[in-house]
Each structure stands twice: as structure tokens, then as C-alpha cells.
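[1] Sequence first, then the predicted structure, then my questions.
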Amino acid sequence: MSESGLSGTGPNGRSVTVWIGAIGGVVLLAAAILVVAFGVGPAGTMLEEDATAETDVTESAAEHPVPEPGDPYFEDRADDGSWVSYLNPRDEYRDPYLGEGSGKICVALLNEAGEPIVGESVPETTVTIPTGESIAWHTNADPFVVEYPLTDHYTRPFDGDQFGTNPDFPQGDGYFDSHCLEWHGLPEDETVEYGEARIDGDGADDVELVGYVQQTHETWDTDVDPIADAEPYEATGGAWTYEPDGSHGQVVVVLQLSESTDASPAEASDQATTDG
């Protein structure tokens, strides 16, 4: 048996030698090793290092970093690193202040790849969430209405980093993803209720209601997936009741752009004219 070495450089820049053995004139080539070492596939084609194709998106992800200590919109963080808070222009305190009950109702709009967006692709679109009597005093509640694009209607389009993790941040991945209504001052045995989200306007047909991510009585855990962990409205019950040692609750309404294969409005108009 004779053998020889084929040397070269792999995709990671390392020098790689693949040994080829010949027995009785038949060459035994370690094809699998070639694929791993050199990225060579069938017919000599180069395999992509990342075989996952990128998802085409209608709107690019919004990249709004959270404020850091020293920024006027940075509010506070726990000494033990369990939570962090940012100033929210839609955060209000009940007067009279009846207890430590606090919470959020948020809306997160995602593109087809699951990334947060401001909604430039769905202008003149609104999301309406009915709210119960317990927060009727809040000037942004009863109901809570979110208008898209966020950047056209709000000075602070985002205020919540509700999803993802980053070792450099107590909560979240360091980028805002949600638009929230926030409150403080409810009794610690109060029940907070909210209704099903309704999508209206020009882009309503292009937005899908994925579901609701609700967490109560504990610090919000951002290590969740906004799509995989979203539940139907019936599963959340559309409410939560505070407890003396658990006087906080949050829910995020998760929306996503529909992956439509229909023709664009212009194409549809042309088609209608042709058919007519």
C-alpha cells in the first residue's frame, strides 16, 4: 500500500493535509475529510460555511441600543444584577398610590426573520389592546393604541428590551424591541385585565398576530423566544392577579409581518386591468 499527502489551506485558514491511500491501483479518497477540510462538495463546488440561507425580509431590523448608565433615559438597575430599568414616556404612577403593583403591556412587531422593526413597511396601521378598569386612570390606556410606523408617531418608539440575552446586561440583549405601556401604584391584590389585540389600517393584512408572552409575579425573564414562546390569548387568560410577594406582571403582544406570496398592489392592479 502506498500513500501520499494532499496539502492545502482550509476555510478557517489552517494548514490541512489529507492522506490518500492506493491499494491495488484503486485510489481511496476520503471524501468526507475533503468536505470538512476544504469545503469541497459534489462536482468540486465550495460549500458555504453557513448553509442556512438568509430569510428575505420586507423591512430591515431596527437597531436601537438601550441607554447606558449616565444616559438621561437610563433609570436604574438592581444591585444584584437581576433587572434594569429605562425611562419610559408611557410610564405613569397612580394617584393616589395604592400599593406596589406594577406592570407593562407591550407590543413587539417583527419582520419575517423574527427581528424587531419600527413598522415602516406597514404605514397607517394601528394595534389596539383593550385594558381593564384597574388601569383606566392611565392616560395611554383604555385602550392602549400603538400606531405604525413607530418613528413617525413617537419620540421614543421603543422602551422595552424584552427578548434576548447578553452577558453585559442584566436583562435583554442590549437592543430595544418593544413599545410598552407601563404603570405603578396598584394594590398588591389587584387583578389586571386586557383584551385581545386588534390590528387595523392599511397594513392590517400584512401583519400576523403571533400570540402573547406573559410573565407574572417575578422579574421578567428575557431568555425567551418571542415567536416560539408566544401563546394564544386563551392560554394567558387575558389577566393576572398580583400577590403580596409578587406584585409585578407583564405581557407582550407579538406581531410579525406575514410571509405573503401575493402580488404587490401595483402588480395586482395591472393584473386586474389585464383580466378586465
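    Right, received. Where do you want to start? In this text, all values refer to a predicted model and were calculated from it rather than measured experimentally. Numbering: from 1, shown residues only.

[2] Contact partners for residue 230?
    210, 211, 212, 213, 254 (C-beta atoms under 8 Å, 6 or more residues apart in numbering). The way it works is simple: take the backbone N, C-alpha and C, and place the C-beta from them, glycine included.

[3] Neighbour count, pLDDT and secondary structure added to those residues, as a markdown table?
    Output for these, formatted as a markdown table (neighbours: other C-beta atoms under 10 Å; pLDDT from 0 to 100; DSSP: H, G, I helix; E, B strand; the rest coil):
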| residue | neighbour count | pLDDT | secondary structure |
| --- | --- | --- | --- |
| 210 | 21 | 98 | strand |
| 211 | 22 | 98 | strand |
| 212 | 24 | 98 | strand |
| 213 | 26 | 98 | strand |
| 254 | 28 | 98 | strand |
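
[4] Dump stretch 204-216 to PDB, restricted to CA.
    Extracted in PDB, the C-alpha atoms of stretch 204-216 (Å, rounded to 0.1, in the frame of the first residue of the first chain):
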ATOM      1  CA  ALA A 204     -53.500  45.000   8.700                       C
ATOM      2  CA  ASP A 205     -53.500  42.200   6.100                       C
ATOM      3  CA  ASP A 206     -49.700  42.200   6.200                       C
ATOM      4  CA  VAL A 207     -49.400  41.700   9.900                       C
ATOM      5  CA  GLU A 208     -50.000  38.400  11.800                       C
ATOM      6  CA  LEU A 209     -50.800  38.200  15.400                       C
ATOM      7  CA  VAL A 210     -48.400  35.500  16.700                       C
ATOM      8  CA  GLY A 211     -49.600  35.500  20.300                       C
ATOM      9  CA  TYR A 212     -48.900  36.700  23.800                       C
ATOM     10  CA  VAL A 213     -45.900  36.200  26.100                       C
ATOM     11  CA  GLN A 214     -47.000  36.800  29.700                       C
ATOM     12  CA  GLN A 215     -44.900  36.500  32.900                       C
ATOM     13  CA  THR A 216     -46.200  37.400  36.300                       C
END
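
[5] Identify the residues contacting it?
    58, 109-110, 121-122, 125, 162, 197, 199, 221, 224, 226-227, 229-233, 235-236, 240, 246, 248-258, 260.

[6] Select from these every entry located in helices.
    Residues of the contacts of stretch 204-216 located in helices (DSSP state H): 233, 235, 236.

[7] Look up which helix or strand the nearest residue to the last one once chain neighbours are set aside falls in, please.
    This means residue 236. Nearest residue to residue 236, sequence neighbours excluded (C-beta to C-beta, 6 or more residues apart in numbering): residue 214, at 4.4 Å. According to DSSP states H and E, residue 214 maps onto strand 207-216.

[8] shaky segments in the stretch 51-200 of the chain?
    51-53 (pLDDT under 70).

[9] can you rerun that using 90?
    51-55, 76-84, 168-171 (pLDDT under 90).

[10] show me where it has helices.
    For the stretch 51-200 of the chain, the helices defined by DSSP state H, counting those that start in this stretch cover 150-153.

[11] show me where it has strands.
    With DSSP state E, counting those that start in this stretch applied, the stretch 51-200 of the chain shows strands at 74-77, 84-86, 91-93, 101-110, 125-129, 144-148, 179-186, 191-193, 198-201, listed in chain order.

[12] tell me which strands and helices the third one is in contact with?
    If contacts are counted by 3 or more C-beta pairs under 8 Å, 6 or more residues apart in numbering; DSSP states H and E, strand 91-93 sits against strand 179-186.

[13] Do me a favour and get the end-to-end distance for stretch 169-179?
    Start-to-end span of stretch 169-179 (C-alpha to C-alpha, to the nearest Å) is 19 Å.

[14] roughly how far apart are the residue nearest to residue 236 and residue 121?
    To residue 121, residue 214 is 27 Å away according to C-beta to C-beta, to the nearest Å.

[15] These two: who's more crowded?
    Set side by side, residue 214 and residue 121 show more neighbours around residue 214, with 22 against 19, by other C-beta atoms under 10 Å.

[16] Can you give me the domain boundaries for this structure?
    2-44, 74-257 (automatic domain parsing).

[17] Please tabulate those in JSON lines and include distance to residue 67 as additional columns.
    Shown next, in JSON lines, are the domains of the chain (distance: least, C-beta to C-beta, whole Å):
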{"stretch": "domain 2-44", "distance to residue 67": "38"}
{"stretch": "domain 74-257", "distance to residue 67": "4"}
